[in-house]
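Asks: quick one, fold the following:
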Amino acid sequence: MEYLCEAVPAYLPLFPAPQRKVIVRNIIARARAFGFEWESSFGLLGDLVLSVAPNLWSDPRIGPLLHAARDSDLQFQLATLSQDDWNRAEARRSDVLAWLPPALDGAAGWAPADACLDVMLWDSSKDCRVALRGDVARAMSDFGLGNSLDAFCVCAGWVHLYGPDRMDERRHPWLRDILSPAMAGPVRLAALRARVMLDHARRV
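Replies: Numbering: from 1, shown residues only. Prediction:
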């Protein structure tokens, strides 16, 4: 964990120690699910996952490469990727897989969302996070973001961190751009995530 805090200072140090442990545990569990066992592989993949995209596994080029790679040739295989590959993965970044245990991938109900919010909204109680659900659903609809877990987490951060005045365009004039019909849903989601991070130095 200390290595990843130093290697990716813009990520793990933003979380309290208990949440850091959960993130590192999830990264190692996902690496093991793909057959990796070496500590050096965990460190390398952890660095890439946090600095580029926790959802590297789902990238159409990088995912199959990680599926096929072994501990002994991981560095070589990664070296075959182009800068375009890394840029594409970063543009599609979602932090959900850093917060979600692999055992909950695709699970029904509130369990995946609750697991993510336990990490992401560490400064709120379980009861408060449950109470946010209605407001988060409305925010997802207002922003036209669909019903993905990624959109839920971004909107939960938005609702929690900006409070009751979150839709006040006088306080947040940048909302006009994000709510513009000309902005496509994926771009709007990325813009909202970036804005929350800029204003609050929080990963959502």
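Asks: confidence score at the residue most central in space within the chain?
Replies: When Cα atoms, centre = their mean is applied to the chain, the residue found nearest the centroid is Asp95 (0.9 Å). The per-residue pLDDT reported for Asp95 equals 87.
Asks: quick check: it touching Ser51?
Replies: No - under the criterion of Cβ atoms under 8 Å, Asp95 is not in contact with Ser51, lying 11.9 Å apart. C-betas here are computed from N, CA, C, even on glycine.
Asks: in three-state terms, label Asp150 for me.
Replies: For Asp150, the secondary structure call by DSSP: H, G, I helix; E, B strand; the rest coil comes out as helix.
Asks: now it, nearest residue through space, not along the chain?
Replies: Leaving aside its sequence neighbours, Asp150 sits nearest to Ser94 (Cβ to Cβ, 6 or more residues apart in numbering; 4.4 Å).
Asks: so who does the one you found touch?
Replies: Ala53, Pro54, Asn55, Asp150 (Cβ atoms under 8 Å, 6 or more residues apart in numbering).
Asks: restricted to helices, list those residues.
Replies: Members of these lying in helices (criterion: DSSP state H): Asp150.
Asks: what segments of this protein are helices?
Replies: Using DSSP H, helices in the chain cover 2-7, 17-33, 39-51, 62-68, 74-79, 83-91, 96-99, 111-120, 126-131, 133-142, 149-162, 175-178, 185-200.
Asks: any chance of the ones you listed in a markdown table, plus mean neighbour count and distance to Glu169?
Replies: As requested, these are exported to a markdown table (neighbours: other Cβ atoms under 10 Å; distance: least, Cβ to Cβ, whole Å):
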| stretch | mean neighbour count | distance to Glu169 |
| --- | --- | --- |
| helix 2-7 | 14 | 38 |
| helix 17-33 | 17 | 32 |
| helix 39-51 | 19 | 34 |
| helix 62-68 | 15 | 39 |
| helix 74-79 | 14 | 44 |
| helix 83-91 | 14 | 27 |
| helix 96-99 | 23 | 29 |
| helix 111-120 | 20 | 26 |
| helix 126-131 | 12 | 25 |
| helix 133-142 | 16 | 12 |
| helix 149-162 | 23 | 12 |
| helix 175-178 | 14 | 5 |
| helix 185-200 | 16 | 13 |
